[in-house]
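In: I need the structure of the sequence given here:
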Amino acid sequence: MGLQNDLKRQWASGGMVVRLILINVAVFIALVLAYLLLLPAGGNGPMAEVLRDMYIVQWLRSTADLDVLLYRPWTVFTYMFTHTGLGHIFWNMLLLWFGGRMFQDLLGGKRLLGHYLLGGFCGLFLFVLMSNIMPGLHGGSVRAGIMGASAGVLSVFIGIAAYRPDMVVNLIFLGPVKLMYVAAVFLLLDLVGIGSGDGVAHEAHIGGALYGYIASRQLTKGRDWSMAFVNALERLFSPFKRQGPKLRVEKRFSKAAVRNDEAYNAAKRSRQATVDAILDKISRSGYDSLSKDEKDVLFKAGDGKN
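Out: Reported below is the predicted structural model:
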């Protein structure tokens, strides 16, 4: 019960970054348990792996094979939450935590979710496109499979780097480095890795990164693709949400109400000035220089709680 309560508390208070990490970890643990259940049937060897792939993983990962993809359309979504290797999920979740906290504090959890999902979709699109145009990228076959959060995670990481390129982060052994340089290294590694035969879908990573970059640059111009996508999803699923009792609210205007409005607007201007000062501090000294209270202010401002 203690673990269950801790997880509920983290889900409620940790924001979208924690929720995405918890979902990915939960799917990973479920796959590990399924693997253990299949051990008696296949032993601790290739047969267990074949059985697990046959009955479980193939229904979650996606593929470049258009015929198969047509009959498993849900995999365009499930693939970005599916990992079967400990190292795979560890590094993906570490990067999501590193970049996602900054993204969430500055731009909000809903927008982060939009970047993650749309980055994942764009990553899959580029993977399918490249695999069918250049099947030699993955062993001469268009039946290559794909799974993992990398495209969505890179969309979030590159997205915040594109939105605040001069933000400074402190890296172990390197010290303070501008975020845009860290993002450029990740992108360069994936560009070099295309066609290397290392089993990594580098083109999917690039697709996610491209969405993150373009969407964040558009956001600076007032076009918010990620938020619009999440709002559309909320409208789509709103009929399935449990509706609480409707309350009738009567509005009455008075001098006191006008004074309250003036006080509210003054407080809002004060909060915005505080946020601007924190952003300036990030540009000068890096995200890690913020105190817990300053990070809380950014988190609430990003999620619209102020």
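In: Which strands or helices does the helix or strand harbouring residue 22 pack on?
Out: In the assignment (DSSP states H and E), residue 22 maps to helix 15-42. Secondary-structure packing of helix 15-42 (3 or more CB pairs under 8 Å, 6 or more residues apart in numbering; DSSP states H and E): helix 2-13, helix 46-55, helix 86-107, helix 109-133. All C-beta atoms are positioned from the backbone trio N, CA, C, and that covers glycine.
In: Tell me what angle that helix forms with helix 109-133.
Out: 50 degrees (axes from the mean of the first three to the mean of the last three CA atoms, to 10 degrees).
In: show me where pLDDT drops low in the chain?
Out: The model of the chain has pLDDT under 70 over residues 1, 39-54, 136-143, 242-273, 275-276, 280-289, 298-306.
In: Closest to the mean position in it, which residue would that be?
Out: Among the residues of the chain, the one closest to the centroid is residue 116, at 3.4 Å (CA atoms, centre = their mean).
In: wait, isn't that residue in contact with residue 152?
Out: Yes - between residue 116 and residue 152 a contact is recorded at 4.0 Å, counting by CB atoms under 8 Å.
In: and the residue lying closest to residue 150 once chain neighbours are set aside, how many neighbours does it have?
Out: With sequence-adjacent residues excluded and distances taken as CB to CB, 6 or more residues apart in numbering, residue 150 is closest to residue 205, at 5.2 Å. Residue 205 has 28 neighbouring residues, counting by other CB atoms under 10 Å.
In: State the three-state secondary structure for residue 205.
Out: With DSSP: H, G, I helix; E, B strand; the rest coil as the basis, residue 205 sits in helix.
In: Which residues are in contact with it?
Out: 123, 150-151, 154, 186, 190 (CB atoms under 8 Å, 6 or more residues apart in numbering).
In: Do you have the helices of the stretch 201-306 of the chain handy? List them.
Out: Under the criterion DSSP state H, counting those that start in this stretch, the stretch 201-306 of the chain contains helices at 202-219, 225-237, 255-285, 292-302.
In: circling back to that earlier point, so the residue nearest to the centre of the chain versus residue 176, what's the distance?
Out: Per CB to CB, to the nearest Å, residue 116 is found 27 Å from residue 176.
In: Please apply the same query to residue 36.
Out: In terms of CB to CB, residue 36 sits 44 Å off from residue 176.
In: cool, and residue 159?
Out: Counting by CB to CB, the gap from residue 159 to residue 176 is 21 Å.
In: try residue 89
Out: From residue 89 to residue 176 the distance is 29 Å (CB to CB).
In: and if you look at residue 80?
Out: 32 Å.
In: Name the residue in those two with the higher neighbour count.
Out: For residue 80 versus residue 176, neighbours defined as other CB under 10 Å are more numerous around residue 80 (32 against 12).
In: part of a strand, is that one?
Out: No - going by three-state DSSP, the assignment for residue 80 is helix, not a strand.
In: How about the contacts made by it?
Out: With contact taken as CB under 8 Å, 6+ apart, residue 80 is in contact with 116-117, 120, 123-124, 147-149, 151-152.
In: please redo it, this time with the cut-off set to 6 Å
Out: 120, 149, 152 (CB atoms under 6 Å, 6 or more residues apart in numbering).
In: Turn the residues you listed into CSV, columns for neighbour count and distance to residue 22.
Out: Formatted as CSV, the contacts of residue 80 follow (neighbours: other CB atoms under 10 Å; distance: CB to CB, whole Å):
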residue, neighbour count, distance to residue 22
120, 28, 17
149, 31, 12
152, 32, 15
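In: Return the member of these nearest to residue 9.
Out: residue 149 (23.3 Å; CB to CB).
In: Any chance of the backbone angles for the closest one?
Out: For residue 149, the backbone dihedrals (degrees, to the nearest 10) come out as phi -90, psi 0.
In: Verify the stated contact: it with residue 91.
Out: No - the pair residue 149 / residue 91 is not scored as a contact, 10.0 Å apart, by CB atoms under 6 Å.
In: ok, back up a step: format the contacts of residue 80 as JSON lines; extra columns: distance to residue 104.
Out: Shown next, in JSON lines, are the contacts of residue 80 (distance: CB to CB, whole Å):
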{"residue": "120", "distance to residue 104": "17"}
{"residue": "149", "distance to residue 104": "16"}
{"residue": "152", "distance to residue 104": "14"}
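In: and which of the residues you listed is nearest residue 109?
Out: For those, the nearest to residue 109 is residue 152 (14.1 Å; CB to CB).
In: So that closest one: helix, strand or coil?
Out: Once three-state DSSP is applied, residue 152 turns out helix.
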